[in-house]
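# Test case, fold it:
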Amino acid sequence: MMLKHLLWPFALIYGLIIKLRNHLFDIGYSRSFRFDVKTIGVGNLSVGGTGKTPAVEYLISKFKEKEKVATLSRGYGRRTKGFLMADYRSTAVDIGDEPLQFYSKFGQEITVAVDEERIHGIPEILYHRPETSLIFLDDIFQHRHVNPHFLVLLTTYDKPFFDDYILPVGRLRESRFGAKRADVVLVTKSPEQLSEQNKIHFKKNILKYTKKEVPVFFTTVGYSQPVNEKGLVRSYNKKAVLVTGIANPLHFKKHLDGITDIRKHYNYPDHYNFKASDVKKWLDYCNENNLSDIVVSEKDWMRIKPHTIDVNSENVNFIIQPISMMFIDKSEEDEFLNLLDFRINGINKG
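Below is the predicted model:
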């Protein structure tokens, strides 16, 4: 508590800087561009852990049959610069773990690109893939040089933005009132059983900071069947080692607690660049303790996989757990998709 009090002056200074920056965009002093190609932005007010990757994957799955879809991300954690498009040679070092996951999952069905300057990346996508009709802008909320046609704000149920504070006191990148830019709010990682009374209470708190009557929908985490390194469906053994390098591994670990006995949890920072020595350490622990499974998330596997060829893992299996976003209420999902369809059709009509 004392530390938070000491950090407040820094939060105040940071908050004023961000407020001034946003004000300059709001009054048009700083330029923000809206492209002719349809764009849907996905982002949050906090520093991570809201489920952007499953949200973008959900949107891709719903629109890839109807549109020529592309995704544009910053490519956080990559060691390259500028514009790049994913291909079969790409690694997490080249384009980042999240874009690599998009490419690994959807392959040739969509275009996956990265550029730290989204305003530069969109024209590049259109130059290389002129047939592109819809671009999903990943983690775009604070990148205000691009003004998407539709902006989706994510916030978690257990740590909502309205109950959080600006950095470094809390985890917010900007004021709660940044939510006014959102066209819809998705509450992620909600309990599967959520009463209407709790929903109403939650919505009231959100609507204090958004535009009037912005739709608010509730989603939860979906866990499909785990797979092995070859993509074949696997079941969990009774005991396992868990490795995570994601912003908030608590939901993942809670899911596994009812399925397998986690004997050891190696927890790393979000987007951690795993090394062969890390993999060797996990394998040594498994061999010493007669364990055969190392459980990882799909996102972490993007950064772990290249290092497995450098070590002997024949006695230990990697179990990869896909994680998805699911709407709690089917009627809310239908309303959300209808809203997106309406806005996209409106873009087509000019």
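
# Tell me where the model's unsure across the protein.
Low-confidence regions of the chain, defined by pLDDT under 70, span residues 1-3, 347-350.

# Report all helices and strands that the helix or strand containing I17 contacts.
Using DSSP states H and E, I17 sits within helix 2-26. The contact analysis (3 or more CB pairs under 8 Å, 6 or more residues apart in numbering; DSSP states H and E) places helix 2-26 against no helix or strand. For every residue, glycine as well, the C-beta is placed using N, CA and C.

# in that helix, what's buried?
Neighbour-count burial for helix 2-26 flags 7, 11, 14-15, 18, 22 (criterion: 16 or more other CB atoms under 10 Å).

# how about the strands of the stretch 251-350 of the chain, start to end?
In the stretch 251-350 of the chain, the strands defined using DSSP state E, counting those that start in this stretch lie at 261-267, 293-297, 317-321, 323-327.

# Next, work out how far apart the spatially most central residue of the chain and I125 are.
In the chain, the C-alpha nearest the mean C-alpha coordinate belongs to K52, at 2.2 Å (CA atoms, centre = their mean). K52 is 19 Å from I125, where distance means CB to CB, to the nearest Å.

# One more: V316?
40 Å.

# mind listing the helices for the protein?
Secondary structure of the chain (DSSP state H): helices at 2-26, 52-63, 92-95, 97-106, 118-128, 196-207, 250-257, 276-288, 298-308, 330-348.

# what does the fifth one rub up against?
Just to be clear, that refers to helix 118-128. Outside helix 118-128, the residues that touch it by CB atoms under 8 Å, 6 or more residues apart in numbering are 33, 35, 37, 39, 70, 72, 74, 83, 85, 111, 113-115, 132, 135, 137, 140, 143, 145-146.

# Let's see that with 7 Å instead.
33, 35, 37, 70, 72, 83, 85, 111, 113, 115, 132, 135, 137, 140, 143, 145-146 (CB atoms under 7 Å, 6 or more residues apart in numbering).

# Just the buried ones from the residues you listed?
Listed as buried from the contacts of helix 118-128 are 35, 37, 70, 72, 83, 85, 111, 113, 115, 132, 135, 137, 140, 143, 146; burial here means 16+ other CB under 10 Å.

# Please narrow those to those residing in strands.
Those of the buried ones among the contacts of helix 118-128 mapping onto strands are 70, 72, 85, 111, 113, 135, 137, per DSSP state E.

# got a list of what the residue nearest to the first one when sequence neighbours are not counted touches?
Sequence neighbours aside, T111 is the residue nearest to A70 in space, at 3.9 Å (criterion: CB to CB, 6 or more residues apart in numbering). For T111, the contacting residues are 70, 85, 125, 129, 132, taking CB under 7 Å, 6+ apart as the criterion.

# which residues sit against the helix holding I17?
Helix 2-26 is contacted from outside by 30, 32, 144, 165-169, 174-175, 178, using CB under 7 Å, 6+ apart.

# quick one: which of those has the most company?
G178 (24 neighbours; other CB atoms under 10 Å).

# tell me the contacts of it?
Counting by CB under 7 Å, 6+ apart, G178 makes contact with 22, 45.

# what do you get if the cut-off is 6 Å, keeping everything else the same?
L45 (CB atoms under 6 Å, 6 or more residues apart in numbering).

# Same question for L45.
161, 172, 178.
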